[in-house]
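here's my sequence, what's the structure:
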Amino acid sequence: MKFLDFLNQRQNIEKTRNFNVFQNYTLDSLKKVFDSSKESSNQKQHAPIRISVVGTNGKGSTSHYLACLISKLGKTVGLYTSPHLLSPLERFQIVKDGIPNLPHQNEVENCFQNEFLPNLSQYDSLSYFEFLTVFTYHFFQNQNVDVEIWEAGLGGRLDATKLVDADFVVLTKIGLDHSEILGKTKEVICKEKLGIIGERTKALFALEEEVTSLPEPFQNFPQKDILPLHMISSSPKESYLEFNFLYAKTILKIVFPNQKTNLELVQFQDLPKPKGRMEVLANQPLVVFDPSHNPDAIRTTTLEFAKSHPKFHVLLGSLPDKDLSGILNSFLESETQLETLFLWEGNGFGRFPEPQGPLSPRVQRASTDLELVPLFQGRIPILVLGSFRLYGIVANLIQNTIKM
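Numbers count the residues shown, from 1 in each chain. Reported below is the predicted structural model:
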């Protein structure tokens, strides 16, 4: 049995979208497996700093910049993120000198063969995400990383990454997403996210605007009476990526106070952008991909793109469980600059409702690659939004349509 073979046999809720499994979900069973893993890992006498990143929008890019900045201080960092664009190995990268690197396949396989295969049956009940979380915990230990960054998956209180027992918790912006599981209001969702705080947590970091707009969850978060809350104020930036870079830098100046000068020397342009975030996939025409997938994130990303592009197309594809009406409405502010809004409704994607008002005549629907070929043969810039799953589809279209 190989690592990827066993992983792909796990139930993958990211693909099935069967969120009903969370109705009676607890971490109890996973905790037993995790505790066993921790016991064997702790025998190696290695105790890295662990940082959990939770929120609705900006988790991935904030995690990326935390990892890259820390690595610029001469530390080796393990970065756990989800979902992936092309390969599941993207989810547990090793970051050195500001550069994330995919783990070597032979090192992944050695970890699996030596530490999992002998007792593989105890992992049979774990889901795709649960198993990856347990495996990554072992893998980072084997790599002797100095710091681990753990981006939470769906929630916080019941997220598998809660069991890593983070030393620090970072909260990004809260939005309405996965409301059927996490709650119908931002207040309830924020409370659910803050449930990731554990007994080992030394400090909580949050944006000042979130604390101000959602006071109730912060007045009652776990261990409030003994856990410092650091409210970080940050001025708006042209790029949401730069905003999250500065958020990460400010946090690390508090976590590593003796490294303030070294952190200050690292500028936004010194670090690579996180893959898949405002990533330029082609130049003629310009094709930019971003995985924004809820109304708040899509509105922010589209308005950011509109500042430098007087006319552009949007290729939008969203999964069926998303707020499809709200996502369509998020384009109204940038409607005058939209040449065409292409709604991708291929296999596994949701079907959007009929748009209302001035957006309606700009909409085209597509469900096959051939219907998108003319879009990629034109000259007008294209912004691709809505789902990580679009990345591979668009990359393939570019390869077969555009002369790079």
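
let me see the ranges of the strands in the chain.
Ranges of strands within the chain are 49-54, 77-80, 92-96, 99-101, 147-151, 168-171, 203-207, 229-232, 279-283, 286-289, 312-316, 338-344, 363-366, 382-385, based on DSSP state E.

direction included, what does the longest one pair up with?
Translated: strand 338-344. Taking DSSP bridges as the criterion, strand 338-344 forms sheet pairs with strand 312-316 (parallel), strand 363-366 (parallel).

buried residues, the last one. List them.
Judged by neighbour count using 16 or more other CB atoms under 10 Å, the buried positions of strand 363-366 are 363, 366. Placement of C-beta: from N, CA and C, glycine included.

run through who's touching that strand.
The contact list for strand 363-366 (CB atoms under 8 Å, 6 or more residues apart in numbering) reads 340-346, 352, 355, 372.

the strands paired with strand 338-344 into a markdown table, with extra columns for mean pLDDT and distance to Leu271?
Converted to a markdown table, the strands paired with strand 338-344 look like this (pLDDT from 0 to 100; distance: least, CB to CB, whole Å):
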| stretch | mean pLDDT | distance to Leu271 |
| --- | --- | --- |
| strand 312-316 | 96 | 26 |
| strand 363-366 | 95 | 35 |
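
just put those in CSV and tack on distance to Ser121.
Listed next are those as CSV, based on distance: least, CB to CB, whole Å:
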stretch, distance to Ser121
strand 312-316, 43
strand 363-366, 45
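
and Lys263, how far from Glu209?
One correction, residue 263 is Leu, not Lys. Applying CB to CB, to the nearest Å, the value for Leu263 to Glu209 is 23 Å.

neighbour-wise, which of the two wins?
Leu263 (19 against 13; other CB atoms under 10 Å).

now do the same contact list for the more buried one.
Each residue near Leu263 by CB under 8 Å, 6+ apart is listed here: 69, 72-73, 249, 252-253, 256.

nearest to Ser360 among those?
Each of these was scored against Ser360 by CB to CB, and Lys249 proved nearest at 43.2 Å.

wait, doesn't that closest one sit right on Cys68?
No. With contact defined as CB atoms under 8 Å, Lys249 does not count as touching Cys68 (10.3 Å).

and for those two, which residues touch both?
Contacts common to Lys249 and Cys68, judged by CB under 8 Å, 6+ apart, are absent.

which of these two has more residues huddled nearby?
Higher neighbour count among Lys249 and Cys68: Cys68, with 25 against 20, using other CB under 10 Å.

in TSV, list the strands of the chain along with distance to Gln11.
Putting the strands of the chain into TSV (distance: least, CB to CB, whole Å) gives the following:
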stretch	distance to Gln11
strand 49-54	23
strand 77-80	20
strand 92-96	20
strand 99-101	28
strand 147-151	21
strand 168-171	28
strand 203-207	32
strand 229-232	36
strand 279-283	30
strand 286-289	28
strand 312-316	28
strand 338-344	26
strand 363-366	31
strand 382-385	28
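
quick one on the thing from earlier: so for the contacts of strand 363-366, which is the shakiest by pLDDT?
Least confident by pLDDT among those: that is Pro355, with 86.

for it, give me phi and psi.
Main-chain torsions, Pro355, degrees, to the nearest 10: phi -70, psi 150.

what about the residue lying closest to Leu117 once chain neighbours are set aside, how many residues nearby?
Computed as CB to CB, 6 or more residues apart in numbering, the closest residue to Leu117 that is not its neighbour in sequence is Met1, at 6.3 Å. Neighbourhood size, Met1 [other CB under 10 Å]: 11.

hmm, back to that, who wins for neighbours among the contacts of strand 363-366?
Of the contacts of strand 363-366, with other CB under 10 Å as the count, Trp344 tops at 26 neighbours.

that one contacts Gly317, doesn't it?
Yes. With contact defined as CB under 8 Å, Trp344 and Gly317 form a contacting pair (3.4 Å).

any residues in contact with both of those two?
Joint contacts of Trp344 and Gly317 (CB under 8 Å, 6+ apart) are 386, 390, 393.

in contact with the residue nearest to the spatial centre of the chain, which residues?
The centroid of the chain falls nearest to Gly60 when counting by CA atoms, centre = their mean (3.4 Å). By CB under 8 Å, 6+ apart, the contact set of Gly60 is 81, 151, 274, 276-277, 291.

all helices for the stretch 201-350 of the chain, in order.
Under the criterion DSSP state H, counting those that start in this stretch, the stretch 201-350 of the chain contains helices at 208-213, 215-219, 240-255, 260-265, 295-306, 324-329.
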